[in-house]
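Undergrad: The amino acid sequence is not available; the structure is as follows:
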DNA sequence: ACTTCTAATGAGTGATTACTCACTTATTTT
DNA sequence: AAAATAAGTGAGTAATCACTCATTAGAAGT
């Protein structure tokens, strides 16, 4: 049966696809989209160059295929357990989770933000895969905190902007200037950023 | 005299150089380094392609030439007048100054941070032109604040990292997602970021 | 006016690239 | 075992690119 056949072969096909995607992510994030060559991706994936184009019609399709699935994965993890803890505790957990995700997929994130400048598809993937869900998670927390009188009534989007900047740049900076970046655990970084974001640099008793 | 001759011609030569640099910045920041072609830069500069290589030996030299001078310019502006105002006031001024500089040279900054990933020359230019001077300016202020007991004794570099992230990402975010970014003045943005960075999201009377 | 020098030109060049296609290899079906 | 189908291959292709160089244009000096 053609069904049977499909199932049998498709598993191997899927593995090949994964090999290519893995190599593509590596080469893209090391050289940028334009700087990466399909020949090098094929080499690192251990396949012939032609094989890439049997799985992905164009180089650009390969780029979006690299970005999209990874983006969603691991996004809505900590919901249940920490939802009803204190707002500060929730935030610290959320931030730590985000920093971990970004550290595990550092190359992907750097690639995404660099290429988002030049490709609207990447911007859209970024928006639908990360920004949207992230906002959906944080907005209720933010609103609740304000309603309870715990947070200042700051505008949401600009505040998110600052928060994302702190978190994103933490990883980028560490990559660009490793010698300037004292090695610290994710926990320490999360504590530091949370302290700043929630309470600021100025001592509260002054 | 050859002197006379030189003077006469060199002015025009310098203008040509500027035309090329200007066009190069535009094309580089729109397409990235690899995505930009010398043909397009020549077209936008209104010169022949060969002319570019009379002024800059290679494409990469053109890139560094685009970045270096712009970086230093306008860096140490507000020193004198605001040095001895209150720490908070100093910070707000410094931040506003930085945001203005980044807004005026938005394309340059995006280009620089994207390409810093791939070219060590760019990383070094970034470090010597921006990071170093910036640290030199902020560190005394930071240390003094701590010594006076006004600031929490947080580690300097990680705190800088968070601050830079907030400021940098403000512009990047506005470029990537203009529809999500309510148009606001630099003053408003500076006030908002300063409030967050200095005092945090949580109300201090809670 | 003639020579000299320099900056500018753009067609040309070799290298590189994304993508193709005729063919091989492997697996399944009959 | 033979035929059929699908997946993989890599030499080949047309296009593109950074960079070159013989030539031209124009100003400066005499």
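TA: Cool, got the structure. Keep in mind that what you see is a predicted model, and the values were worked out from it rather than measured. Numbering: from 1, shown residues only, chains lettered A, B, ... in the order given.
Undergrad: For burial, what's the neighbour tally of the residue of chain A found nearest DNA strand D?
TA: Using Cβ to the nearest atom of the strand, the closest approach of chain A to DNA strand D is made by residue A:50 at 1.9 Å. All C-beta atoms are positioned from the backbone trio N, CA, C, and that covers glycine. The local packing of residue A:50 (other Cβ atoms under 10 Å in any protein chain shown) involves 9 other residues.
Undergrad: That one is in what secondary structure piece?
TA: Counting by DSSP states H and E, the element that carries residue A:50 is helix A:49-55.
Undergrad: Check which residues of that helix are buried.
TA: Buried residues in helix A:49-55, counted by 16 or more other Cβ atoms under 10 Å in any protein chain shown: A:51-52, A:55.
Undergrad: again, but for stretch A:178-191
TA: Here stretch A:178-191 shows A:181, A:184, A:186, A:189-190 as buried, counting by 16+ other Cβ under 10 Å.
Undergrad: Over to stretch A:98-115?
TA: So, applying 16+ other Cβ under 10 Å, buried residues of stretch A:98-115: A:98-99, A:101-102, A:105, A:108-115.
Undergrad: Tabulate the buried residues of stretch A:178-191 (TSV), appending secondary structure and pLDDT.
TA: As requested, these are exported to TSV (DSSP: H, G, I helix; E, B strand; the rest coil; pLDDT from 0 to 100):
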residue	secondary structure	pLDDT
A:181	coil	88
A:184	coil	90
A:186	helix	95
A:189	helix	96
A:190	helix	96
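Undergrad: Let me know whether the one helix or strand residue A:60 maps to sits next to DNA strand D.
TA: Assigned by DSSP H and E, residue A:60 falls within helix A:59-72. No - applying Cβ under 7 Å from any atom of the strand, one finds helix A:59-72 separated from DNA strand D by no less than 13.2 Å.
Undergrad: Residues touching that helix, excluding its own?
TA: Under the criterion Cβ atoms under 8 Å, 6 or more residues apart in numbering or on different chains, residues A:20-21, A:24-25, A:28, A:33, A:38, A:41, A:52, A:56, A:105, A:108, A:111-112, A:115, A:119, A:121-122, A:125-126, A:129-130, A:133 lie in contact with helix A:59-72.
Undergrad: Count the neighbours of residue A:150 for me.
TA: 16.
Undergrad: Sorry, slip of the keys, the one I care about is residue A:36.
TA: Residue crowding around residue A:36 was assessed by other Cβ under 10 Å; the count is 23.
Undergrad: Over to it. Which of the three states is it?
TA: coil (DSSP: H, G, I helix; E, B strand; the rest coil).
Undergrad: what does the one 5 residues further on give?
TA: Three states are possible here, and by three-state DSSP the one that applies to residue A:41 is helix.
Undergrad: so does the helix holding residue A:50 get close to DNA strand C?
TA: Yes - Helix A:49-55 comes into contact with DNA strand C (Cβ under 7 Å from any atom of the strand), by way of A:49-50, A:53.
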